[in-house]
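A.B. asks: quick one: sequence plus predicted model below, questions after.
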Amino acid sequence: MLIILKKVFFILAILLVNVYICEYINNKLTARMDLRRGYKISGAKGIGFPLVRFFKYISRSEKTNIWTFFIFLFSLLIWGVVPITANLILIEMDYSLLVALTFYIILIILLFFNSGRTSYSDAYSESGKKVLILLSFLIPALFSIASIVLINKTLSLKEIVNSQHQYWNIILQPLGFMTFFISIFLQFKLLGIRGKSYLSPGANIGKEGTGLGKIIEKFSIYMIVFFLIIILNILYLGGWQGIYIIRGEIMLAVKFYIIFVILLLMDKSLGRIDSYSMLIRINWKFLIPVSLVNFIVTFGFLIARDVYNLI
Amino acid sequence: MLRLIKNFFIVFGNIFRKPHTIIYPRERIIIPDGSRGVLHLKVDPDSLEIICKGCGLCKIICSQGCITVQKRAEDKGREVLDEFCLDLSKCIFCGNCVEFCKMNAIDMSYKYQLAEFDKKNLKLEKTELVKPSGTIRDFW
Amino acid sequence: MADNIYNKIYSSSRTVFLEEIGEKLKSILKDKIEYIRRAGLDLLILVSKNNLYQVIKELKDNPDFKVNSFQSIAALTNGKKIYLIINLKSFDNDFSVLLKIEISQREIEGDYREIIEMLAKFYRAVKFYKHSGRLISDRCDIKILPRSIEGLDCFDLDILVDNDLIREAYVSIEIARIIGDDYYKDLKLYNLIAYISRFDWKAGIFPEVCLCEALEELLQLKVTERAQHIRMLLCELYRISNHIYFISNICNILQHDIAYNLSLLERERVLRIIESITGSRIVPNFIRIGGVKKDISEEIMVSIRKSLPVLFRNIRRIEKIMTGDFLLIERLRGAGIISKEIALEYGVSGPNLRASGIRHDLRKVKDSFLYKDLSFTIPVGKSGDCLDRISVRFNEMLQSLRIINQIINKFPEGDFIKKINVSHPEFKSSEISYGIECPHGLFKIYLEADKNNINSLLVKGPSFNSLILSEEILAGNKIEDVDLILASLDISPGEIISS
Amino acid sequence: MSFLIKSNFNILVTGFGCCKQEIFATQCSLYDIQRFGVNFVSVPEDADILVVQGFYNKKGIIRILNIYDRMKNPKGIIAVGSCVLNENLFNPGSELVSQFRNRVIINMHIPGCPPRPEAFIYAILKFLGISMQ
């Protein structure tokens, strides 16, 4: 029991520290990308920025509703089944990938319901449509995951990582990695981590919002992004596998932040993609065919090797 | 597609470039010559007297009515400026008063540091307008 | 060559052409009109209300005139009389007509409605005036209030939708109706010049230039060549500043942050040059009757010469960044298409008109400025969608830089102002209509003066026509493109307050 | 605590005057108002400060007052430019702005027509109580 509590505490601490660091990077690095200097009031180089934002939000009271509670719950529940490192996993099971994906889908749907609730009088939001689009981006991701599962012949995330001890899956599945990464990026863009969300209209809407609900919303968005990056790490980049003498945990952290910064850079260098028809076109004409081809090729390869012993 | 990759590297390179930002309270943007700021009453460098005689032409010219001038006759019939008040809240910084002044007694300073909590503080008296804040450039 | 143009206020061919058309009109509409005369570049026709229908019918249907474009309608008070001024234009024959109608003081509202009803039979653009004032908010699906984005903040928008396509859109400018008729009364000329740049504050010099040139026409005053050059220089600088601000607005809506930041920086650079010349960033108050306020010193010329290549390079860079991005292009292409016919019918002018493929620029047509001596091309779009409107503006900026380069290279010596008695001017003729090519289109001033003072003044900005047009072009577009299309029309709120 | 709240500011800009472009110019990387934690928002509920500028008629004034009522306490108003500080520049002698002034308390006045972007930053800093060194 004590060990589990310790693990929970560790996971929570890691997540909170990461949220803090990522919020700071998000503020400072995006400012530097604009050739600005970024927030600097609250002390040396604006280190206290996330803290200030946090107090700012809770200083203005607003009623929180039941949705925010569920969002908070599910954003934490994901980490019950997703391993951060080899030891930091609460429940070890054989179907952890499926369970994690289910939680993720539920979380996204909850988030959209929540954003649809806070519709301002001079604004409109078409949350239903956005849910469908964001969920449709899961289809190529699922195809890519399926081909990974076929290769490694397991649904447990831990097993997938362990099976990559020789070489990472990205070498076997470059196309799958590409589609998965683009789908992650588009989800990242739709969620609006950079303060400009598409969930609600308005040019600066991401900076808006008050109360505990906003904090939880922001927290859960970070959780989704962390989840996506960690899943990408686990599936394609070897997870917590160490290289030579470098410890796996350090490798994981390095990979995590590199991917986060790359996502931020891509987000910054691209404009707003809120044209539904274009998003759908990208998805159905590029991502899904490519990932499907990848899946079929993998499947055929495996059948040829295992069933007919051709290769 | 190539352009997107180029844009990505532009953004990436920006992280290592020097920001364009002027760090406001420390650095200041130099306002160009002839920029129009708050009115300034010129002082004769020899006698250290205000050149303005209080003819009141600027008061008539000003469309917003932000200038109030009063003159006073001293002994020997010499006319001296008694009161010169500029209501900054009304001024639109058009510079017509400077252009029309026959004595060439007023000019526009570079003063922009103007925000006030109380509207009453925006009324500048003669003593404040004479201050040499505007003679050399006072940025910010 | 230059001297020849410069000594004549109009080129003779243009005057003769207008006079011919005037004669023709006079012979045809003999007893239906009171008088017909030339006011500046337009023909002014005084009509009574009863004959208006026949006059407009004649003007529109006669193939010699073909007045097919509705420009504007405005009320004007001169003394105790109230007039309506209707501006119509023929693009085929390239002349515009001002119809002046006296309406009785007691039934202003009724007469106005009657005239609007009648005009609506001929011109589709009048539809806006019919419903304006009566909002349809009770039956609209989406009501978009003014947003904080620049240019989209001076009107309400009511939208009726079919799924995600816009079926009908209605614009209401009730919150922007600010200036009444009596605003210009008791204003001295120098104060008017100081004020008037607020009517188009995205590019503040153009109203001033327009007003001053109109008054110079009235005074029959020739401006020195140096003053002309300074005016042209400022006009082009403001054109660049306006267009680059437009680009930054588009980028803000599309959240394309690289181009947004770069374009705002370039705007600062241009505004800095402008400030060093005029002394103010937005409202110059620099043009005077007979010249300009101040001479341009050699230092400023050097600094302009230095910053021109930098500007050119950076604008090209922004253009490359924006036009190479295929996601952006995909978004812009096909959104908010203005076809040629609709653009002409609604009297749109400027880059919006040029984007839909009509090569019409007052800088090339008119010759009171010295634009004839300079070589530049007029960029023209093809289909008239958002992408064309943006690329036309980019090209226009580059052309403006080219013009500035030429102006700087042959900057003539001479006086920069002709001193005249501003407080007691003596006007030669009584009424004038004057237009100038401002960054949004054709900025027009109509004024009536008696011997010594201006009686009435009408300011008509081009943004109003674009705003009316937006009702037409929004229909059939997707709902997420609304902001983009409206911003791509480059609406300047300052122009709307006066109508 | 007040420092923490003050160092992150949301501003809502209303009106459509010339000052608007100068206020939004502070967002650009040359001035970078976001160093001081100032964000421009578009929803009244989230705004701390209402910036009033530009031209208003009767309807416009009613709209601002509605926006002001929708804002949550603590809230403030910054008046920018001659149009608001004086009377309506384009409606000489109109009572509209004085009506507005009677209803609400204006916390900060920025003269200028329009004020430079630097002047706006200066006013914000003065409002926040950040020392000017």
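C.D. replies: Looks like it arrived, so ask away. None of the values given here were measured: they were computed from a predicted structure.
A.B. asks: so, low pLDDT: which residues of the stretch 51-200 of chain A?
C.D. replies: A:61-64, A:112-131, A:193-200 (pLDDT under 70).
A.B. asks: for the residue lying closest to residue B:4 once chain neighbours are set aside, grab the count of nearby residues.
C.D. replies: Excluding its sequence neighbours, the residue lying closest to residue B:4 (C-beta to C-beta, 6 or more residues apart in numbering or on different chains) is residue C:325, at 6.3 Å. (C-beta placed from N, C-alpha, C; glycine too.) With neighbours defined by other C-beta atoms under 10 Å in any protein chain shown, the count for residue C:325 comes to 24.
A.B. asks: residues contacting residue C:325?
C.D. replies: A:270, A:271, B:3, B:4, B:7, C:256 (C-beta atoms under 8 Å, 6 or more residues apart in numbering or on different chains).
A.B. asks: which residues does the last one contact?
C.D. replies: Just to be clear, that refers to residue C:256. A:270, A:271, A:272, C:322, C:325, C:328 are the contacts of residue C:256 under C-beta under 8 Å, 6+ apart.
A.B. asks: of those, closest to chain D?
C.D. replies: residue A:272 (15.1 Å; C-beta to the nearest C-beta).
A.B. asks: give me the pLDDT value at that closest one.
C.D. replies: According to the prediction, residue A:272 has pLDDT 76.
A.B. asks: and what of residue A:260?
C.D. replies: 90.
A.B. asks: so which residues of the chain form helices?
C.D. replies: Unless you meant another one, I'm taking chain A. If DSSP state H is used as the criterion, the helices of chain A fall at A:2-33, A:49-59, A:66-81, A:96-117, A:127-136, A:138-152, A:157-162, A:169-172, A:174-191, A:211-236, A:248-269, A:276-282, A:288-302.
A.B. asks: chain B was what I was after
C.D. replies: B:2-14, B:57-61, B:96-100, B:126-130.
A.B. asks: kindly report the same for chain D.
C.D. replies: D:2-6, D:19-25, D:58-70, D:82-85, D:96-103, D:117-128.
A.B. asks: would CSV of the contacts of residue C:256 with distance to residue A:306 be doable?
C.D. replies: Shown next, in CSV, are the contacts of residue C:256 (distance: C-beta to C-beta, whole Å):
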residue, distance to residue A:306
A:270, 41
A:271, 46
A:272, 46
C:322, 51
C:325, 45
C:328, 47
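A.B. asks: does the host helix or strand of residue C:317 reach chain B?
C.D. replies: Using DSSP states H and E, residue C:317 falls within helix C:298-324. Yes - counting by C-beta under 8 Å from any C-beta of the partner chain, chain B is contacted by helix C:298-324 at C:320, C:321, C:324.
A.B. asks: what average pLDDT does that helix get?
C.D. replies: Averaged over helix C:298-324, pLDDT sits at 89.
A.B. asks: and the angle for that helix with helix B:2-14?
C.D. replies: On the basis of axes from the mean of the first three to the mean of the last three C-alpha atoms, to 10 degrees, helix C:298-324 is oriented at 130 degrees to helix B:2-14.
A.B. asks: residue C:489 touches residue C:470, doesn't it?
C.D. replies: Yes - look at residue C:489 against residue C:470 with C-beta atoms under 8 Å: they come within range, at 5.9 Å.
A.B. asks: of the helices of chain A, which is nearest residue C:310?
C.D. replies: helix A:2-33 (22.0 Å; C-beta to C-beta).
A.B. asks: give me the helices and strands touching the closest one, please.
C.D. replies: helix A:49-59, helix A:66-81, helix A:211-236, helix A:248-269, helix B:2-14 (3 or more C-beta pairs under 8 Å, 6 or more residues apart in numbering or on different chains; DSSP states H and E).
A.B. asks: OK, contacts around residue B:37?
C.D. replies: B:31, B:93, B:108, B:109, B:110, B:111, B:112, B:134.
A.B. asks: now do 6 Å
C.D. replies: B:108, B:109, B:110, B:111, B:112 (C-beta atoms under 6 Å, 6 or more residues apart in numbering or on different chains).
A.B. asks: leaving out chain neighbours, which residue sits closest to residue A:256?
C.D. replies: Residue A:256 sits nearest to residue A:229 (C-beta to C-beta, 6+ apart), 5.7 Å away.
A.B. asks: for that neighbour, the count of nearby residues, please.
C.D. replies: Using other C-beta under 10 Å, the number of residues around residue A:229 comes to 22.
A.B. asks: wait, it sits on residue A:258?
C.D. replies: No - counting by C-beta atoms under 6 Å, residue A:229 sits too far from residue A:258 to count as a contact (9.7 Å).
A.B. asks: up against chain B, what does chain A have?
C.D. replies: Selection of chain A residues close to chain B by C-beta under 6 Å from any C-beta of the partner chain yields A:32, A:33, A:35, A:36, A:37, A:265, A:268, A:269.
A.B. asks: quick revisit: looking at the helices of chain B, spot the one closest to residue C:238.
C.D. replies: Shortest separation from residue C:238 across these is recorded for helix B:96-100, at 20.7 Å, computed as C-beta to C-beta.
A.B. asks: and that closest one, how far out from the chain middle?
C.D. replies: 13 Å (C-alpha atoms, centre = their mean, to the nearest Å).
A.B. asks: repeat that for stretch B:86-95.
C.D. replies: In this view, stretch B:86-95 has its centroid 9 Å away from the chain centroid, taken as C-alpha atoms, centre = their mean.
A.B. asks: then that stretch to CSV, C-alphas only?
C.D. replies: The C-alpha coordinates for stretch B:86-95 follow below in CSV (Å, rounded to 0.1, in the frame of the first residue of the first chain):
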residue,chain,number,x,y,z
LEU,B,86,-2.6,74.0,-21.3
ASP,B,87,-5.4,71.4,-20.9
LEU,B,88,-3.7,68.3,-22.1
SER,B,89,-6.9,66.3,-22.0
LYS,B,90,-8.3,68.5,-24.8
CYS,B,91,-5.1,68.9,-26.8
ILE,B,92,-4.9,67.0,-30.1
PHE,B,93,-1.3,67.8,-30.7
CYS,B,94,-2.0,69.2,-34.1
GLY,B,95,0.7,71.9,-33.8
